[in-house]
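> Give me a 3D structure for the following:
(2 chains)
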Protein chains: 2
Amino acid sequence: MGQAHRIAIIGRGTVGGGVVDILAREGAVIARRCGVDLELAAVVTRTPSRQRSQALPPGCRLSADFGLVLDDPSIQTVLLLVGGTTDAREICLRCLTAGKHVVTANKAILAEFWDELFACAERHGVCLGFESSVAGGVPVIGALRDGLVANRIDAVQGILNGTCNYILTMMEEAGLSYDEALAQAQALGYAEADPAFDVNGSDTAHKIAILARLAFQTRINFRQVDIRGIEALGPGDIASARRLGCRIKLLGIAQRFPDGISLAAAPTLVPLGHPLASVRLNYNAVNIEADAAGPNTLIGQGAGARPTASAVLSDVVAIACGERALSGPRAHGAPLFDLPVIF
Amino acid sequence: MGQAHRIAIIGRGTVGGGVVDILAREGAVIARRCGVDLELAAVVTRTPSRQRSQALPPGCRLSADFGLVLDDPSIQTVLLLVGGTTDAREICLRCLTAGKHVVTANKAILAEFWDELFACAERHGVCLGFESSVAGGVPVIGALRDGLVANRIDAVQGILNGTCNYILTMMEEAGLSYDEALAQAQALGYAEADPAFDVNGSDTAHKIAILARLAFQTRINFRQVDIRGIEALGPGDIASARRLGCRIKLLGIAQRFPDGISLAAAPTLVPLGHPLASVRLNYNAVNIEADAAGPNTLIGQGAGARPTASAVLSDVVAIACGERALSGPRAHGAPLFDLPVIF
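Predicted coordinates:
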C-alpha cells in the first residue's frame, strides 16, 4: 500500500459519521487509487461515551479533548466538522498553528474570518481545504480553483441551500404553504429544528461569499452581502412568478460589473429556460459564467452525511498527495484585485 | 512573477488559436494566481507561412518541424492539438519519450491507445493531461479524478457531442428534418464539412470510453463500445419520444452491473424530468452517479476554441504547479479492477 497519512476528525456529527463510513467502505480503494493510506488516528467529540452503532477503526482514539490532536505529531490533517463560529475558529487557528492541515465544512468561519484563517495557514505552511463548505458533494470549489483557472469569472449564481430549495419546490409543485413545506422538510431531515439560518438566507450568504472570493480574487467583507430570506413568501408570490414564466429560487448571486461586484443572497425570479430553474427538491446547483469556458452549471446533493464527506475526503486526498493547488494564491483566492461592492 | 514554464503548441487550428488568445488576454493574471508564468516557446503547424491575424508572443518560434520541440530542452510541456490518430499518436509518444509532459484534446488517440500512451508517460516520469478531450470547457475529468475521488462510480451518462445535440434540438423544437438540422449546424460552424464522426456516434464513443476508464478504473477496449448514430432518426422518432414523455438524446453511457460494465454511444429516450433532458442546442452535459456524493450533473460548452483551450490550460497549470493528481494510478485510471464488458 502507499504511504500513510494520519487524520483526526473533530466533531462526530452527520458529516464526521459520513467520513468514517466512506473510509470503512472505500478506504482500501482510495489507497490503491491515490497511493496514500488515510489512517483515522483520532475522533474528538463532546460526547465520547455516547453509544453509537458506528465502529471506529482499530487504533483510533476517541476523546473529548482536542488537545490530544494538537499534541500528536503523527496527525497531519484535521477534519474540522463542527458548526458555529466561536469554537470552530479557535480550533481551526490552533490546528493550523500546530502545523496541521485543516479541512473544514464550516462555511461560517470561512465567510467571516477568511483572511485571518488563510494568513495563519500560509504562515505555518499548511493547507486549509474547504471543498465541502459549498454545495456538498458537488465539486464546485475545484471547478473554480482548478478547472476554470484560466478564466475570468464574470458571475456566479447558485442554489446553495437544499432546505430552501425543497420548501420552494413543494410550495410550487404541491401548492403547500410556506409553513407546511417547512414542516415537511423538517420531517424528511432536510431542515434543522431551528431552520433560521437556512430560511433567512444566512447560509446561502456564507456560501456565495466563499464562491465570490475564489471567483473574483478580491477581498470580500461578508457584512456587505445583501441578505434576504424566504420566510415571507406565500402562494401569491409563487403564482406571480408563474405568470411571468419564472420560478422563485433562493439564489446566492455574485456578479462582476465594470465598477465593482455585487453580492446577494435573495429569492430571485428565475426564467423557466435557465439551467437553475429545473433544479428541484433538496438539490444544489451552481452556475458559473466563465469568459473562456462559457457558462458551467454543476448540479448535485448539497448536504447530507455522505455527499459532504465525499467533498471532505477529496480535500484530504489532495493534501495527502501534496498537491500545491491547495496552497498559494489560487487556493486562498488571495486578493489580486480590489473590487468594491456595489449596492 | 513566478517561475517560468515553457510550452509548445503542435497544431494551430481552432483550439491552438484559443490557447494563444487566452494566454495573450489572461496570461498575466494566470501567472499571479498560480505562481507560474506560461511562456509560449514554439508553435508547430503544417502551414507556418500562412497569413493569420493572430499575433504570437515575442520570442515564440513558428515552424513546420516538430523536431524543434523535441530538440529544445527548455520546452517542458507540449500541447498536442491535432486530430486524427496516426500522426497524433506518433507525436505524443515521441514527446513523452523526450521527457516532455503532453496535454491533448485528441480523444481518439486516448480512447484507442490509452494503455500504450500512459505506459509511455509513466516510464518517462511525465504527465499526460486530457481534461480537454471530453466536454470541452466543462471540468468533468477533474470532477471524476479529484472531486469524486472518494466515490465508487456506478454510472456515467453524457451528452458529449454538441453537433448531435444541436441537430436533435432543432428537429424537436423547430420541426426540422435531420438534413435541414445538419445543414443549419454546419452553417453555424457546429458541424464539420464531413460530419460523419459526430453523427455516427464515433466521437461520443471515444469520449465515453475515456470517462469509463477513469470512472471504473478498469481496462477499456474501445472496440467493445456499442456505437449507434443519429443519421437515421426522423420526425416520427421525435414524435414517438414525445408521446412517451421523453426526448431523444445521443448519449454516451457507461454503467456498472454486478457482473461487469456496459458501454454504449447511442440515441436514447431521456425522460423529461431527467437532468440531461433539458440540455439544449450545442451544450454538453455529463451525469455521474457517485455512491457517496450522489448524482452530479455538469453542463457547459463542449467544444469551440475558447472552451476547449480553457480545459487545455487547466491541465498545463496543474502540470506547471507540479500537481501529482496528474500522474499515478488516479490520473491514468490505472486498472485496479477487471470488469468484463456486458453486451
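
> going forward, measure contacts and count neighbours with C-alpha atoms only.
OK.

> List the buried residues for the helix or strand where residue A:251 lies?
Under the criterion of DSSP states H and E, residue A:251 resides in strand A:246-257. For strand A:246-257, a neighbour-count test (16 or more other Cα atoms under 10 Å in any protein chain shown) marks A:246, A:247, A:248, A:249, A:250, A:251, A:252, A:253, A:254, A:255, A:256 as buried.

> The last one bridge partners, please.
What it means is residue A:256. Residue A:256 forms beta bridges with residue A:261, as assigned by DSSP bridges.

> residue contacts, it?
For residue A:256, the contact set (Cα atoms under 8 Å, 6 or more residues apart in numbering or on different chains) comprises A:153, A:154, A:155, A:216, A:262.

> and if you look at the third one?
For residue A:248, the contacting residues are A:168, A:238, A:241, A:267, A:268, A:269, A:270, taking Cα under 8 Å, 6+ apart as the criterion.

> same question, the second one
Counting by Cα under 8 Å, 6+ apart, residue A:247 makes contact with A:238, A:241, A:269, A:270, A:271, A:272, A:277.

> Between which two of the contacts of residue A:256 is the distance greatest?
A:153 and A:262 (13.3 Å; Cα to Cα).

> Neighbour count for the two, which is higher?
Comparing residue A:153 with residue A:262 by other Cα atoms under 10 Å in any protein chain shown, the one with more neighbours is residue A:153, at 25 against 20.

> pLDDT wise, what is the more buried one at?
If you check residue A:153, the pLDDT there is 97.

> which SS class is the closest residue to chain B within the stretch 51-200 of chain A?
Proximity of the stretch 51-200 of chain A to chain B (Cα to the nearest Cα) peaks at residue A:137, 4.5 Å away. Following DSSP: H, G, I helix; E, B strand; the rest coil, the label given to residue A:137 is coil.

> for residue A:9, same thing?
Here residue A:9 is strand, with the state taken from three-state DSSP.

> Whichever strand or helix holds residue A:309 near chain B at all?
For residue A:309, the enclosing helix or strand under DSSP H and E is helix A:305-320. Yes. Counting by Cα under 8 Å from any Cα of the partner chain, chain B has neighbours in helix A:305-320: A:306, A:307, A:308, A:309, A:310, A:311, A:313, A:314, A:317, A:318.

> Flag every residue of the stretch 51-200 of chain A that's near chain B.
Counting by Cα under 8 Å from any Cα, the stretch 51-200 of chain A sits next to chain B at A:136-139, A:142-143, A:146-152.

> ok, of these, which come out buried?
The neighbour-count test (16+ other Cα under 10 Å) marks A:136-139, A:142-143, A:146-152 as buried among those.

> could you point out the longest helix in chain A?
As assigned by DSSP state H, the longest helix anywhere in chain A is helix A:14-34.

> got the contact list for residue A:98?
A:70, A:124.

> Any chance of the buried residues of strand A:246-257 in CSV with pLDDT and distance to residue B:222 as columns?
Shown next, in CSV, are those (pLDDT from 0 to 100; distance: Cα to Cα, whole Å):
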residue, pLDDT, distance to residue B:222
A:246, 97, 44
A:247, 97, 43
A:248, 98, 45
A:249, 98, 43
A:250, 98, 44
A:251, 98, 42
A:252, 98, 42
A:253, 98, 43
A:254, 98, 43
A:255, 97, 43
A:256, 96, 44
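
> Tell me the one of those nearest residue B:77?
Looking across the buried residues of strand A:246-257 and measuring by Cα to Cα, the closest to residue B:77 is residue A:256, at 33.2 Å.

> Just the strands from the stretch 51-200 of chain A, written as ranges.
Along the stretch 51-200 of chain A, counting by DSSP state E, counting those that start in this stretch, strands occupy A:61-63, A:77-80, A:101-104, A:128-129, A:153-159.

> list the contacts for residue A:266?
Counting by Cα under 8 Å, 6+ apart, the residues that residue A:266 touches are A:201, A:226, A:227, A:228, A:229, A:230, A:250, A:251, A:252.

> Tell me the residue of the stretch 151-300 of chain A that sits nearest chain B?
With Cα to the nearest Cα, the shortest gap between the stretch 151-300 of chain A and chain B falls at residue A:293, namely 3.8 Å.

> Now the least confident helix or strand in chain A by mean pLDDT: buried residues?
Within chain A, no helix or strand scores below helix A:328-332, which has a mean of 85 by mean pLDDT, DSSP states H and E. Residues A:328, A:329, A:330, A:331, A:332 are the ones in helix A:328-332 that count as buried (16+ other Cα under 10 Å).

> what's next to it, contact-wise?
A:118, A:122, A:145, A:214, A:325, A:326, A:334, A:335, B:32, B:33, B:34, B:35.

> ok, how many other residues are close to the third one?
Read it as residue A:145. Residue A:145 has 23 neighbours, counted by other Cα under 10 Å.

> Touching, it and residue A:214? I think so.
Yes. Residue A:145 is within contact range of residue A:214, at 6.9 Å (criterion: Cα atoms under 8 Å).

> what residues are up against the spatially most central residue of chain A?
Taking Cα atoms, centre = their mean, the centroid of chain A lies closest to residue A:133, which sits 1.5 Å from it. If you count contacts by Cα under 8 Å, 6+ apart, residue A:133 has them with A:104, A:105, A:106, A:107, A:207.

> could I get these as TSV with pLDDT, neighbour count and distance to residue A:92?
Formatted as TSV, the contacts of residue A:133 follow (pLDDT from 0 to 100; neighbours: other Cα atoms under 10 Å in any protein chain shown; distance: Cα to Cα, whole Å):
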residue	pLDDT	neighbour count	distance to residue A:92
A:104	98	25	9
A:105	97	24	12
A:106	97	22	10
A:107	97	26	12
A:207	98	26	18
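
> What is the nearest of these to residue B:68?
residue A:104 (47.6 Å).

> Could you double-check that the closest one lies in contact with residue A:312?
Yes. With contact defined as Cα under 8 Å, residue A:104 and residue A:312 form a contacting pair (7.1 Å).

> Overlap in contacts, those two.
Contacts common to residue A:104 and residue A:312, judged by Cα under 8 Å, 6+ apart, are A:79, A:129, A:130, A:132.

> Of these, which is the most crowded?
For the shared contacts of residue A:104 and residue A:312, neighbours were counted by other Cα under 10 Å; the highest total belongs to residue A:132, with 30 neighbours.
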